[in-house]
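1. Here is my input; please provide its structure:
(3 chains)
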Amino acid sequence: MAKDRSDFFQRVYEVVRLVPYGRVTSYGAIARYLGATRSARVVGWAMNSSHGMEDVPAHRVVNRVGLLTGKHHFGGTTLMQQLLENEGVAVNENKVVNFDEHFWDPSREL
DNA sequence: CTTATGACTACCC
DNA sequence: AGGGTAGCCATAA
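-> As a prediction, this is how the structure comes out:
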């Protein structure tokens, strides 16, 4: 049951879990941290599986421009936005305001 | 078993 | 500078 999906997914989940409160990161940042810049899609796909993982704050993961691309997967509502705003992250038009300020890069912060 | 797609990003022309 | 294609890995059919 441990390595069911793959180590890649496990690493992605771990990094996302390490995202501090009130901070957001991007798929590419995680992928790059794992050493696979082009694997950003896999990171997003990992998030798709993260739906059953409450420990994985996927709402803190957005695309490189701070756009809540995965918001549709949160129930098709503003749930993702509400979660971010609840943590102090301002969101406007499905985009993270001051994304550069809230951006948390694992390979940079870690 | 093979094909296609998917919450992305970067490079090439 | 802008648009299009390729790359990555896994899951689903």
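2. Now do the phi/psi pair for residue A:95.
-> Here the main-chain torsion angles of residue A:95 (degrees, to the nearest 10) amount to phi -120, psi 150.
3. likewise the one 4 residues further on?
-> Dihedral pair for residue A:99: phi -50, psi -40, per degrees, to the nearest 10.
4. Leaving out chain neighbours, which residue sits closest to it?
-> In this structure, residue A:99 finds its nearest non-sequential neighbour in residue A:66, 3.0 Å apart by CB to CB, 6 or more residues apart in numbering. Where C-beta positions appear, they are placed from N, C-alpha and C, glycine not excepted.
5. what ranges do the strands span in chain A?
-> Secondary structure of chain A (DSSP state E): strands at A:25-26, A:61-62, A:91-92, A:95-96.
6. So which of those strands is nearest DNA strand C?
-> Closest to DNA strand C of the strands of chain A is strand A:25-26 (CB to the nearest atom of the strand; 12.8 Å).
7. Can that closest one be said to contact DNA strand B?
-> Yes: using CB under 7 Å from any atom of the strand, strand A:25-26 comes into contact with DNA strand B via residue A:26.
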